[in-house]
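> Next one to model:
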Amino acid sequence: MTRQTRVLVTKALVMKRLAVILILSLSAVLLAACPGGFGYVHVQPLTGPYRLVAVDSREDMMLCRGLGKSDCMGDGLPGPTIFAAGADARYLVIGRHPTKFGEPLNRADTEYYYAERSADEADLGSRPTVHGPFDRTQFDAEAGRLALPEFSVVFEDLK
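Next up, the predicted model:
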């Protein structure tokens, strides 16, 4: 191998290493831009397997059933934007401003729900029975009739 060929091979190896370093550096920056790397901007346990999560912004707040450390499924539970939630041994209660993808949050549009809890709620095959939507008057009547729990979590910035 001639000296000129060795120089070209050496330059090619250096360029390859620099490209790898650049790709790894950009990947690290992109991962750091996501809160917590991969995941949610908000995670808050509610009760049992249920938690309140927001993916990209707090206006994405939803109630889901946890499947281990990071996975979560909605299972027919009301979606964004949840502004209040609560639970006891029998029921979950949810207050939300329904949102559609790409539309701004409309706090004037409010719905309330309750879901029946079950002994097998951690089982992937079970699904909670959800009742609603109700307006505030209807929900208050249901709360009185069933002794529903109070809202123990209220997000004032979403209310």
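> Test my guess that Val67 contacts Met73.
No Val there; residue 67 is Leu. Yes. Using CB atoms under 8 Å, Leu67 is in contact with Met73, at 6.2 Å. For every residue, glycine as well, the C-beta is placed using N, CA and C.
> Helix or strand for the residue lying closest to Glu111 once chain neighbours are set aside, just tell me which one.
Spatial nearest neighbour of Glu111, chain neighbours left out: Pro133 (3.6 Å); criterion: CB to CB, 6 or more residues apart in numbering. Pro133 belongs to strand 129-134 when assigned by DSSP states H and E.
> ok, residues contacting that strand?
76-78, 94, 98, 111-116, 139, 142 (CB atoms under 8 Å, 6 or more residues apart in numbering).
> same deal with stretch 112-126?
For stretch 112-126, using CB under 8 Å, 6+ apart, the contacting residues are 48-50, 65, 67, 77-78, 87, 89-96, 128-136, 138-139, 142-143, 146, 148.
> hang on, the earlier thing: looking at the contacts of strand 129-134, which two lie furthest apart in space?
Pairwise distances across the contacts of strand 129-134 peak at 21.1 Å for Pro98 and Glu116 (criterion: CB to CB).
> Strictly from the record, what residue spans define the domains of this structure?
Split into domains by automatic domain parsing, the chain comes to 1-33, 42-154.
> Tell me which of these sits most buried.
Greatest average neighbour count among the domains of the chain goes to domain 42-154 (a mean of 16), per mean count of other CB atoms under 10 Å.
> residue boundaries of the helices in this protein?
With DSSP state H as the definition, the chain shows helices at residue ranges 3-33, 136-146.
> quick one, phi psi at Gly74?
When read as degrees, to the nearest 10, the backbone of Gly74 gives phi -80, psi -40.
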